[in-house]
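A.B. asks: coordinates only, sequence not included:
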């Protein structure tokens, strides 16, 4: 994997990530394909939406259908019919957010499957083995993702564990390095700036192909998230890609690109589609509202996706209210298209040296929530889809 | 609407139905789009599957979103983004199969909505008005669909009512004939050959653009269904299309084409897809079976659909077991493609004068159930999807 910086505009960056399965133009949004499928979309839909890389969840694929089966069937790309890039997380986040009865030791974590309640064990070495079997282009070391807020001592203990696990993960990956598979380090450290600084330095010192910023959007206030993102990004090597895990809303993407982030994933466009919400440059639109009953306009007149070219809001609302499966596909296709267009537009603005005016234009239309979100809201969004 | 007979082979017929929205090559299978959508498929999927005409259910669209709204938004074709032919049933079958608290009089039928329990009234004139508002290419008169078995006196009373309603429907349609909209008569009469004969003669005497054979596949034995179909078809004008409502399995299609039927609809390919069943020339395949866990082969090696070109049985099984929405789309796409290919192959065989050898080949592979189905099984299949 190689990463080339094409242009910068302030802290914002436009780059080119070359993987064994295609080139990814950054900034990029990665649709979440938790169980080897982006919910409601087929690979042809993802291509039509402009997706260049998707995320798959190690935790879910480990439990079902199992990484050995995926390897036997030719790896995840072939299994899910996706010939562009794939990134897998380490499974850590889901072990901590979805599984009950976790027993964490230095060796690893024992947990109960959210699928069938069976007991499993994940170590840094096993997480690498699973991700090598899946064959993703970019993999991650097992980490501990803290809840928010936590005590100082818990945050310190957790960071130390994540860093020990990162070193073991890197060693395991180096021993059996498969083809062109890259590994990103994950910068944790909770909400304390000094721990984030320490985490960034120690992770960069271990040396990875790129760096993920983890443990964000878990309930901390938005300004804190932006500040910590800016801080961590400033400590990462400029010539390597930076991935902000589980973020976020369209405005979060713009704010984070402005602070030097290159890659994002979030369940928001897919999950909210299944709740009848469509994103537009003027903010999200909630189809169940009665105002759309007779609305013959497309979801988003600025969008070129199949849902917007072929169907009215009134029809999509009818499908959604009637529980028709087609509603989920069309709304998901639109939302993923919207997030990917936003990423492309940001990239174009950075290349032109016009990211400032782009931000001004974006925020002149996109409504940003002024009321604080309930604790845990963001954490639920950054889970697997 | 015009119908042209291209070739016959025994009783089997190949024809060309020309509607205001495209040509339909018969024999044809019509996917069921109950609520203005064929479940899990978009119009682009239907085109890829080779669909030339789809069925929509008057009952469901009357209740939600309402025919006035569909008319206001430009009619059903525009509403659902389908520019080929559409056929609507009269709503009668669903009133009798889905709604409770029916009060049937000569005037019409009062019933409770299966959506919200509200009370509605459907008369022959209202059913025509609804279908004109929807703007389907082919519409049907309100009829009474009998359960099986019924007493002789009930069958006679019901047939008389259906015939009176047919006359009123034709008159209502003639008064406000919209564009090129055709109306088929429905031949009822239950399981008694003499009543079917009487129904066919009286319906043909009223004079319609084509004829539907209704009240089949409601629980009568298969041989009786085939015999009655053969009898009714033999009494219908040879130069007009014949539609066997709610039928059926692939072997039923072949048996009925052999008896002179041109058009079919059934929820089987779509509904069974959502239960994990895929049709092939060697019979249906049930994906939840453990034998497919490691099966790298496509669903059906003879199929050119997107599901069969791009994905393995193992992957589709994984999607189905994991409850992924994509499973429903891909399996539905495959099944609808299979039914439409079967129709095309029958047509080609008839045109070549080789329908006999085609039938022999088909039945040498396709397993026909030898155990009788439980009563009501077929009736459930012929309901809306």
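C.D. replies: Okay, I see it. Worth saying up front: this structure is predicted, and the values here are computed from it rather than measured.
A.B. asks: ok, the residue sitting nearest the centre point of chain A to residue A:314 distance?
C.D. replies: Centroid check for chain A by Cα atoms, centre = their mean gives residue A:265 as the closest residue, at 1.8 Å. Residue A:265 is 32 Å from residue A:314, where distance means Cβ to Cβ, to the nearest Å. The way it works is simple: take the backbone N, C-alpha and C, and place the C-beta from them, glycine included.
A.B. asks: How about residue A:236?
C.D. replies: Residue A:236 is 47 Å from residue A:314, by Cβ to Cβ.
A.B. asks: Could you check which of these two has the larger neighbour count?
C.D. replies: It is residue A:236, of residue A:236 and residue A:314, that has more neighbours when counted by other Cβ atoms under 10 Å in any protein chain shown, with 24 against 21.
A.B. asks: you'd agree the more buried one is up against residue A:212?
C.D. replies: No. Applying Cβ atoms under 8 Å, one finds residue A:236 not in contact with residue A:212, separated by 10.0 Å.
A.B. asks: which residues do the two both contact?
C.D. replies: Common contact partners of residue A:236 and residue A:212 (Cβ atoms under 8 Å, 6 or more residues apart in numbering or on different chains): A:187, A:242.
A.B. asks: Contact residues of chain A facing chain B?
C.D. replies: Neighbours of chain B within chain A, by Cβ under 8 Å from any Cβ of the partner chain: A:35-37, A:39-44, A:64-65, A:69, A:72-74, A:79-81, A:293-294, A:296, A:306, A:310-312, A:314-315, A:318-319, A:321-322, A:324-326, A:328-330.
A.B. asks: 7 Å instead?
C.D. replies: For chain A, the residues in contact with chain B (Cβ under 7 Å from any Cβ of the partner chain) are A:35-37, A:39-44, A:64-65, A:69, A:72-73, A:79-81, A:294, A:296, A:306, A:310-312, A:314-315, A:318-319, A:322, A:324-326, A:328-330.
A.B. asks: Could you list the low-confidence segments of chain A?
C.D. replies: Counting by pLDDT under 70, chain A contains low-confidence ranges at A:177-178, A:370-383.
A.B. asks: Enumerate the positions of stretch A:354-365 that are buried.
C.D. replies: Using 16 or more other Cβ atoms under 10 Å in any protein chain shown as the test for burial, stretch A:354-365 gives A:355, A:358, A:359, A:362.
A.B. asks: can you give me the strands for the stretch 51-200 of chain A?
C.D. replies: With DSSP state E, counting those that start in this stretch as the criterion, the stretch 51-200 of chain A has strands at A:53-56, A:85-88, A:103-104, A:109-112, A:119-122, A:138-139, A:182-187.
A.B. asks: In TSV: those strands, plus mean neighbour count and distance to residue B:110.
C.D. replies: Listed next are the strands of the stretch 51-200 of chain A as TSV, based on neighbours: other Cβ atoms under 10 Å in any protein chain shown; distance: least, Cβ to Cβ, whole Å:
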stretch	mean neighbour count	distance to residue B:110
strand A:53-56	27	53
strand A:85-88	26	57
strand A:103-104	12	64
strand A:109-112	20	54
strand A:119-122	16	58
strand A:138-139	26	63
strand A:182-187	28	65
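A.B. asks: Next, format those strands as CSV and append distance to residue A:204.
C.D. replies: Below are the strands of the stretch 51-200 of chain A laid out as CSV (distance: least, Cβ to Cβ, whole Å):
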stretch, distance to residue A:204
strand A:53-56, 23
strand A:85-88, 19
strand A:103-104, 25
strand A:109-112, 25
strand A:119-122, 25
strand A:138-139, 17
strand A:182-187, 7
